[in-house]
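based on what follows, work out the 3D shape:
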Amino acid sequence: MGEVKNQEIVRVSEYISFLVQAVEEKKKKAEEYDEETRENVAAHAKYFLELLKRISLETRKTITTPEQLIQALNAIREQDEPPFLGPEDELILKEDVSQRRVFKIVKIYRQMTEIPPEELEKYQSLPGTNFWDRPPDSINGRTIPGVYLLEKPS
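Presented below is the predicted three-dimensional model:
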């Protein structure tokens, strides 16, 4: 079975098309970054798109939310790979050997415009692809394109 092109992936649903477009936009933006960051983004993007292509066509057609996507990705990822993080998971950023920042993921939205203003006031919001700038082992899991709402650290 040959490699599936991105154009073939996106035909199945508007949400999948949105995801692939978000990945391409992040890769384009990364062209402005230093070499290490470009390599990090490229590695995350490649891994995400490869897994997305491995989700069956029937399943891809039914994915309409970030939570459904995360469930599908985690079902097919290699067991030695970190899981994709979703609501209720802890997101742990490893700054160095002695410092970690821990956030609880509250919800994931497809884009900022979907987030109610009261949630923006209550929670910290970060695009999931922002974490792609980091090496994969600097976070305890993988993130998807979308906006992560995080409990503000106390």
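
any idea which helix or strand comes after the helix or strand where Lys53 lies?
Using DSSP states H and E, Lys53 maps to helix 35-54. Sequence order places helix 57-62 as the next helix or strand after helix 35-54, per DSSP H and E.

could you pull out the buried residues of that next one?
59-60 (16 or more other CB atoms under 10 Å). Every residue, glycine included, has its C-beta placed from N, CA and C.

just to revisit the earlier point, pull the helix holding Lys53 out as CSV, backbone CA atoms only.
Taking Å, rounded to 0.1, in the frame of the first residue of the first chain, the C-alpha atoms of helix 35-54 are listed here in CSV:
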residue,chain,number,x,y,z
GLU,A,35,17.1,25.1,12.9
GLU,A,36,16.5,23.1,16.0
THR,A,37,12.9,24.4,16.3
ARG,A,38,12.3,23.8,12.6
GLU,A,39,13.4,20.2,13.1
ASN,A,40,11.2,19.8,16.2
VAL,A,41,8.1,21.1,14.3
ALA,A,42,8.9,18.9,11.3
ALA,A,43,9.2,15.8,13.5
HIS,A,44,5.9,16.5,15.3
ALA,A,45,4.1,17.3,12.1
LYS,A,46,5.4,14.2,10.3
TYR,A,47,4.4,11.9,13.2
PHE,A,48,1.0,13.5,13.5
LEU,A,49,0.2,13.3,9.7
GLU,A,50,1.5,9.7,9.5
LEU,A,51,-0.8,8.6,12.3
LEU,A,52,-3.7,10.6,10.9
LYS,A,53,-3.2,8.7,7.6
ARG,A,54,-3.3,5.3,9.5
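
contacts for that helix, please.
Contact partners of helix 35-54, identified using CB atoms under 8 Å, 6 or more residues apart in numbering, comprise 3-4, 6, 9, 16, 19-20, 23, 26-27, 30-31, 33, 60, 73, 76-77, 81, 129, 131-136, 142, 144-145.
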